[in-house]
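1. sequence and predicted structure, then a few things I'm wondering about:
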Amino acid sequence: MAGFLDTLAVKEIDGDDQRWRLLEPCLYHLKVPDGDEWVDVPIGFVTDFGSIPRLLWGVPGLSPFGKYRRAYVVHDKLFRAPVVRSALSARAISFSETNDILREAMQVLGANWWLRQFVWTGVSTGGRLSWNRYRHADQETA
C-alpha cells in the first residue's frame, strides 16, 4: 500500500479558516510506501483541505480538517498541477487518476470503504468544473 512520508505542518492564512499554507513539504508515494512514483507538495502550497460542503462536515470522517486532510492536500495539489514524479521523469495524470489517488491516500490513512467511495463519487461528479478551470488557466499561461 502507498504511504505518506511526512506529517502535515500547516498555518492558517490570515485568520481565514478555509485556507492553509504548508510549512513543510508533504510527500506521498503511490502504490507502496517507498514506491517509484510520488506526489510532492511543496512548502508554501495553499490548500482548503477538502472542498466538502459545510452541510456534510458533521458526517463522521467528512470534515476537511480531520484525519484525512493529508489526502486532501495531495488531491488539491494534483488538481492544480496533475503531475506524478519519479526519479527520472514526471508524467501528467488524468482527472480520473487524480481522484483515484485521493481514494488510495484515504485508504492509507484508514478510511473505510464507504467513506472512500463517497468522497471519490463526490469529487468525480462535482470536481470536473474546477478541474477544467485549472486546465484552462494552464493553457492561458503556456
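-> Nice, thanks for sending it over.
2. grab the most central residue of this structure for me.
-> His75 (1.8 Å; CA atoms, centre = their mean).
3. that residue contacts Glu104, doesn't it?
-> No. The pair His75 / Glu104 is not scored as a contact, 10.5 Å apart, by CB atoms under 8 Å. From N, CA and C alone the C-beta is placed, and that goes for glycine too.
4. next SSE after the helix or strand of the chain with the lowest mean pLDDT?
-> For the chain, counting by mean pLDDT, DSSP states H and E, strand 3-4 ranks last in confidence among helices and strands (a mean of 72). Later in the chain than strand 3-4, the nearest helix or strand by DSSP states H and E is strand 10-13.
5. just how off-centre is the very next helix or strand once past that next one within its chain?
-> As assigned by DSSP H and E, the chain's next helix or strand after strand 10-13 is strand 16-22. Here strand 16-22 is found 14 Å from its chain centre; the criterion is CA atoms, centre = their mean, to the nearest Å.
6. stretch 41-57: which residues count as buried?
-> 41, 45, 47-52 (16 or more other CB atoms under 10 Å).
7. and for stretch 88-104?
-> Using 16+ other CB under 10 Å as the test for burial, stretch 88-104 gives 93, 95, 98-99, 101-104.
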